[in-house]
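In: Quick one, what's the 3D model for this:
(chains A, B, C and D)
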Number of protein chains: 2
Amino acid sequence: MADVARLAQVGKQTVSNALNNPDLLRPETLARVTAAIEKLGYRPHTAARSLRRRESRTIGYALERSVAGRSNAVQDRFLHALAAAAGYRLLVFSADSPEEEVERYDELLRERAVDAFVLDRTRKDDARHRWLHGKSVPFVAFGRSWSEQDFGDWVDVDGAAGIEAATEHLALAGHERIGLLGWPAGSGTGDNRVAGWQRAMKRHGLPVRDLRAAASNSTETARQAAGTLLDQDVTAVVAVSDALALGCYDALRERGLQPGTDVAVTGFDDSPFAELLAPTLTSVEQPLEQVAEECVRMLLARISEPWRPTEHLLLTPRLVIRDSSGPSGSGVVTDI
Amino acid sequence: MADVARLAQVGKQTVSNALNNPDLLRPETLARVTAAIEKLGYRPHTAARSLRRRESRTIGYALERSVAGRSNAVQDRFLHALAAAAGYRLLVFSADSPEEEVERYDELLRERAVDAFVLDRTRKDDARHRWLHGKSVPFVAFGRSWSEQDFGDWVDVDGAAGIEAATEHLALAGHERIGLLGWPAGSGTGDNRVAGWQRAMKRHGLPVRDLRAAASNSTETARQAAGTLLDQDVTAVVAVSDALALGCYDALRERGLQPGTDVAVTGFDDSPFAELLAPTLTSVEQPLEQVAEECVRMLLARISEPWRPTEHLLLTPRLVIRDSSGPSGSGVVTDI
DNA sequence: GTTGCCGTTTGGATCGATCCAATACTTTCT
DNA sequence: AGAAAGTATTGGATCGATCCAAACGGCAAC
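Out: Just a heads-up that it's a prediction; the model follows:
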């Protein structure tokens, strides 16, 4: 910085002002300083700046243990979008359990390595929210806080609306017995998605009784659960995840049926393999780039104005129509 | 730190020594200081430490733009393993092109925000290597430097050995006409994998003529390429990626054939969907945790000893045998 | 009892940028 | 022309830890 000041014939403070309060400088001086900065390729020293400013301008994000066989595509795309959201640096760390995650939070905060956190994969009564809230650490969650209390800001994707759109799409194509392949009851995300199916079915006056089955994301249970739906003579299956949809493909083939032709299938998340399958899988795509953008926006707002009221944002996903939902034209994307 | 010093009845320097050179202290004093640190929950301020030490103890990693339809599972798992590798902090940033990546390198270095980088997805004559080497910035690449010159350390997975093992597995099961489904010639990774197939075929005295087809990772071209192999009456197909293997599944079904039963298929990368498919896909799994560990080890060595000779490490992948390669027992994992 | 030595502990300077208070400068008005 | 008012610029102190060199303590030897 001293070099820049010397070259521009000004004091070091003026250089600092050029960077942080450019409007305080006379245009002529500013130009001279800027030119010097450019010429020397000067960039302020992160650590020195953090030390004086008493903030790191870094946000923390915990990578959760990747569960074998489960697609992390969502986390991956989200992280990417987060990193792109400008202004702040992004520090990632791994944690294998919520407890360990909170422990790492504590360390990072004590070390003043981060100013705030972005949470992902929120659970019911998530310990992280309470802890961060208690310490008044700024944070945003990707995912609703499924508990009663309102701990902080969040952005989420309206899973119910996504599943509703998929169901609607099938109903409009003439299907009447539309089964739902979900997760075991109890997970906020899962139950929410089921509600979307119920809404659409009710609106179209279609039956829901015995048309619902649950399975974890493993192939075996998914196939069995899909089987029970097929026994109910469904002509279409709405799955709450792409993995479950894949299990449904299997169940169909076991019975000599062809997904997309004999029975329509839809998934959720628009995983990378959705368009690699045959038939390509109709799925619900989450607007992760937008989620990330909004997360950053909320976080910055929270940091600069800690006492503002909490903000909640529910974004609408898109239905990506491909071949598995019937011959209605692949690749068509429908905004809900 | 002053608080800790006061509580432990020592000077601040002694506290610093307790953290950085514990063996300089009398055991008794060390215990007193440690107790005080514990009691106050003290952790050294990252920025202050970086400033004085003139190093950030942070490594940078560029997230590349996720290509639609392409599995990022490898990057995802690798990043996770990297974050777990202790001692250093991990700063991620996004870059949409190699040029932009180098630009971000430059900024981060000027700001002293990172000390070193981990590169991923190396290309032929990668601009990043040359640039980092030119600035003598410590770095390790996950992926060989496919160029003639030897720019820096790398860790890579022996793709040829993986494909060779898959081919071997099929040959031992009695297959004689084993086709290879590869990428268009020219990519280092792709050509290397092809070589593994050739090696195994030669060793078993099997024909390779006209048993090789190339396609990009898109379903359409993969299906066509797989079709040309099937026209050659292959009884097994070794694909150099899981996406291509999936294209092969499609081609088989188009002809009324069943993957795994009528024609054996293997993939590469052990993507999350490999065990979700029906039949489950035999694939080659990269030891990403080990790759990450070795990357960190090499990086630390390079940082502490800049002039050491470059180190190259080729790790061996494992063949994960599932149903698609025939009825030889699913889930069996073979070390090569 | 004093000196000398070794190993531990201490105060002061430093890293690079920002904050604060004070000075130099410009402009305008009397 | 001189003074007031406001703006642009400057020097000095500061953030929290580490490095350095100097002082301190205990212990053994004379």
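
In: Which residues of the stretch 101-250 of chain A lie near chain B?
Out: A:107, A:110-113, A:219, A:223, A:243, A:246-247, A:249-250 (CB under 8 Å from any CB of the partner chain). The way it works is simple: take the backbone N, C-alpha and C, and place the C-beta from them, glycine included.

In: what about 7 Å?
Out: When proximity is defined as CB under 7 Å from any CB of the partner chain, the stretch 101-250 of chain A approaches chain B at A:107, A:110-113, A:219, A:243, A:246, A:249-250.

In: For the closest residue to DNA strand C within the stretch 151-300 of chain A, report the pLDDT, please.
Out: Closest to DNA strand C within the stretch 151-300 of chain A is A:Leu300: 16.5 Å, counting by CB to the nearest atom of the strand. A:Leu300 is assigned 94 on the pLDDT scale.

In: Weed out the non-buried ones from the residues of the stretch 101-250 of chain A next to chain B.
Out: Neighbour counting by 16 or more other CB atoms under 10 Å in any protein chain shown classes A:111-113, A:219, A:243, A:246, A:249-250 among those as buried.

In: Report the separation between the residue of the stretch 201-336 of chain A at minimum distance from DNA strand C and DNA strand D.
Out: Nearest residue of the stretch 201-336 of chain A to DNA strand C: A:Ser304, at 13.2 Å (CB to the nearest atom of the strand). Separation of A:Ser304 from DNA strand D (CB to the nearest atom of the strand, to the nearest Å): 21 Å.

In: Check the offset of stretch A:257-272 from the chain's centre.
Out: Using CA atoms, centre = their mean, to the nearest Å, the distance from the centre of stretch A:257-272 to the centre of the chain it belongs to is 23 Å.

In: Please apply the same query to stretch A:279-292.
Out: 10 Å.

In: residues in contact with it?
Out: Applying CB atoms under 7 Å, 6 or more residues apart in numbering or on different chains, the set of residues contacting stretch A:279-292 from outside is A:74, A:77-78, A:81-82, A:85, A:142, A:155, A:157, A:162-163, A:166, A:242, A:245, A:259-260, A:266-270, A:274, A:315, A:317-325, A:330.

In: which residues of chain A fall in helices?
Out: A:2-8, A:12-20, A:27-40, A:46-53, A:73-84, A:98-110, A:127-134, A:159-172, A:188-203, A:219-231, A:242-254, A:288-304 (DSSP state H).

In: Return the most buried member of the ones you listed.
Out: helix A:242-254 (a mean of 25; mean count of other CB atoms under 10 Å in any protein chain shown).

In: Return the distance of stretch A:14-34 from the chain's centre.
Out: How far stretch A:14-34 lies from its chain's middle: 40 Å, per CA atoms, centre = their mean.

In: Please name the residues that touch A:Ala251.
Out: A:223, A:226-227, A:230.

In: can you put the buried ones among the residues of the stretch 101-250 of chain A next to chain B in a markdown table and add pLDDT and distance to A:Gly182?
Out: Below are those laid out as a markdown table (pLDDT from 0 to 100; distance: CB to CB, whole Å):
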| residue | pLDDT | distance to A:Gly182 |
| --- | --- | --- |
| A:Glu111 | 96 | 42 |
| A:Arg112 | 97 | 44 |
| A:Ala113 | 97 | 40 |
| A:Thr219 | 81 | 16 |
| A:Ala243 | 92 | 12 |
| A:Leu246 | 93 | 15 |
| A:Tyr249 | 94 | 17 |
| A:Asp250 | 92 | 17 |
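
In: What's the end-to-end length of stretch A:5-17?
Out: End-to-end distance of stretch A:5-17 (CA to CA, to the nearest Å): 11 Å.

In: Quick one: check it for contact with chain B.
Out: No. Stretch A:5-17 is not in contact with chain B by CB under 7 Å from any CB; minimum separation 14.9 Å.

In: Residues contacting that stretch, please?
Out: For stretch A:5-17, contacts defined as CB under 7 Å, 6+ apart pick out A:1-2, A:4, A:24-25, A:29, A:32-33, A:36, A:39-40.

In: try 8 Å
Out: A:1-2, A:4, A:24-25, A:29, A:32-33, A:35-37, A:39-40 (CB atoms under 8 Å, 6 or more residues apart in numbering or on different chains).

In: ok, the closest residue to A:Thr189 other than its chain neighbours - contacts?
Out: Spatial nearest neighbour of A:Thr189, chain neighbours left out: A:Gly159 (6.0 Å); criterion: CB to CB, 6 or more residues apart in numbering or on different chains. Residues near A:Gly159 by CB under 8 Å, 6+ apart: A:189, A:192-193, A:196, A:240, A:268, A:284, A:317.

In: Dump the residues you listed into JSON lines; add distance to B:Val102 and pLDDT as well.
Out: Shown next, in JSON lines, are those (distance: CB to CB, whole Å; pLDDT from 0 to 100):
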{"residue": "A:Thr189", "distance to B:Val102": "40", "pLDDT": "90"}
{"residue": "A:Asn192", "distance to B:Val102": "44", "pLDDT": "95"}
{"residue": "A:Arg193", "distance to B:Val102": "43", "pLDDT": "96"}
{"residue": "A:Gly196", "distance to B:Val102": "45", "pLDDT": "97"}
{"residue": "A:Val240", "distance to B:Val102": "42", "pLDDT": "96"}
{"residue": "A:Phe268", "distance to B:Val102": "38", "pLDDT": "95"}
{"residue": "A:Val284", "distance to B:Val102": "37", "pLDDT": "97"}
{"residue": "A:Pro317", "distance to B:Val102": "35", "pLDDT": "97"}
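
In: Could you single out the nearest of those to DNA strand D?
Out: The nearest one, if we look at these relative to DNA strand D and count by CB to the nearest atom of the strand, is A:Thr189, at 40.5 Å.

In: Quick check: the closest one vs A:Val157, distance?
Out: A:Thr189 sits at a distance of 10 Å from A:Val157 (criterion: CB to CB, to the nearest Å).

In: next one: A:Ala83
Out: A:Ala83 is 19 Å from A:Val157, where distance means CB to CB.

In: again with A:Glu254
Out: Relative to A:Val157, A:Glu254 is positioned 32 Å away (criterion: CB to CB).

In: Compute the number of surrounding residues for the closest residue to A:Leu119 other than its chain neighbours.
Out: Of all residues not flanking A:Leu119 in the chain, A:Ala141 sits nearest, at 4.1 Å (CB to CB, 6+ apart). Counted with other CB atoms under 10 Å in any protein chain shown, residues neighbouring A:Ala141 total 25.

In: How about A:Pro259?
Out: 24.

In: just checking, it touches A:Tyr249?
Out: Yes. Using CB atoms under 8 Å, A:Pro259 is in contact with A:Tyr249, at 4.8 Å.

In: Would you mind listing what in chain A touches DNA strand C?
Out: Proximity of chain A to DNA strand C (CB under 7 Å from any atom of the strand) is limited to residues A:1-2, A:12-13, A:16, A:19-20, A:42-45, A:48-49, A:51-53.

In: Farthest pair within the residues you listed?
Out: Spatially, the most separated pair among the residues of chain A next to DNA strand C is A:Ala2 and A:Arg53, at 19.3 Å (CB to CB).

In: Which of the helices of chain A comes out lowest on mean pLDDT?
Out: helix A:73-84 (a mean of 86).
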